[in-house]
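Trainee: Have a look; sequence and predicted model below, questions after that.
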Amino acid sequence: MLAVRAELGRGSPNTIAPVLAAWWAERHPTEEPLPPVPALVEVLVKEIWAAAYRAAEDQFVAERAQPADRLDQVRAELVAERRARASLAAALVEARATMTRHHEPVKPEAGGLPGRSRTDAERSRTLSKRTDGGPAGRPP
């Protein structure tokens with residue numbers, strides 16, 4: 001009512017209220033009450049409602065249990081993976097210890113690359129001097 005008065009810019013609430021009530025009654029006629037529902041229909045509707053409610057509740061309980069089951073499964077997988085990783089780490093430590101006991105570490109030769117003989121290094125220097133007149137990769 002105050003919004004109508006503000007829109008009009010004038011008018012008493014005592015004048016506007018009955019006009020607004022009449023306008024509302026025209027727009028929204030009063031519905032006639034429905035006839036009473038037969039007893040058999042009422043019983044059937046209640047049974048249908050109860051069955052639908054039980055089905056929805058059963059579905060909810062089942063869906064709610066799924067994430068918990070999945071969580072337990074993921075936790076078990078995580079524990080198994082951690083055990084496997086620990087086993088692999090222990091095997092790696094054992095393999096390194098075995099290698100250290102049975103093999104001497106490889107030491108690079110002076111002036112050469114690891115694993116290359118001195119003869120190969122000398123050949124490489126000689127070849128680079130022949131092709132460009134200086135050490136390999138550098139202009140003379």
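Mentor: Yep, it's here.
Trainee: what about residue 21, how many neighbours?
Mentor: 10 (other Cβ atoms under 10 Å). For the C-beta atoms, the positions are set from N, CA and C on the backbone; glycine is no exception.
Trainee: same question, the one 3 residues further on
Mentor: The burial metric for residue 24, expressed as a neighbour count using other Cβ under 10 Å, is 9.
Trainee: Secondary structure element holding it?
Mentor: helix 13-27 (DSSP states H and E).
Trainee: Run through the neighbouring helices and strands of that helix.
Mentor: With contacts taken as 3 or more Cβ pairs under 8 Å, 6 or more residues apart in numbering; DSSP states H and E, helix 13-27 sits against helix 2-8.
Trainee: on that earlier part again, show me what counts as buried in the helix holding residue 24.
Mentor: residue 16 (16 or more other Cβ atoms under 10 Å).
Trainee: quick one: contacts of it?
Mentor: 1, 2, 4, 5, 8 (Cβ atoms under 8 Å, 6 or more residues apart in numbering).
Trainee: How many residues are close by the third one?
Mentor: So that's residue 4. Number of residues near residue 4 (other Cβ under 10 Å) recorded here: 14.
Trainee: got any ranges where this structure has weak pLDDT?
Mentor: 1, 104-121, 127-140 (pLDDT under 70).
Trainee: go again using 50 as the cut-off
Mentor: The chain contains residues with pLDDT under 50 at 134, 136-137, 140.
Trainee: can you give me the helices for it?
Mentor: 2-8, 13-27, 39-102, 118-132 (DSSP state H).
Trainee: Kindly format the C-alpha coordinates of the first one as CSV.
Mentor: Spelled out, it's helix 2-8. Taking Å, rounded to 0.1, in the frame of the first residue of the first chain, the C-alpha atoms of helix 2-8 are listed here in CSV:
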residue,chain,number,x,y,z
LEU,A,2,2.8,2.4,0.8
ALA,A,3,4.3,1.7,-2.6
VAL,A,4,1.0,2.6,-4.3
ARG,A,5,0.8,5.8,-2.3
ALA,A,6,4.5,6.7,-3.1
GLU,A,7,3.7,6.0,-6.9
LEU,A,8,0.6,8.3,-6.8
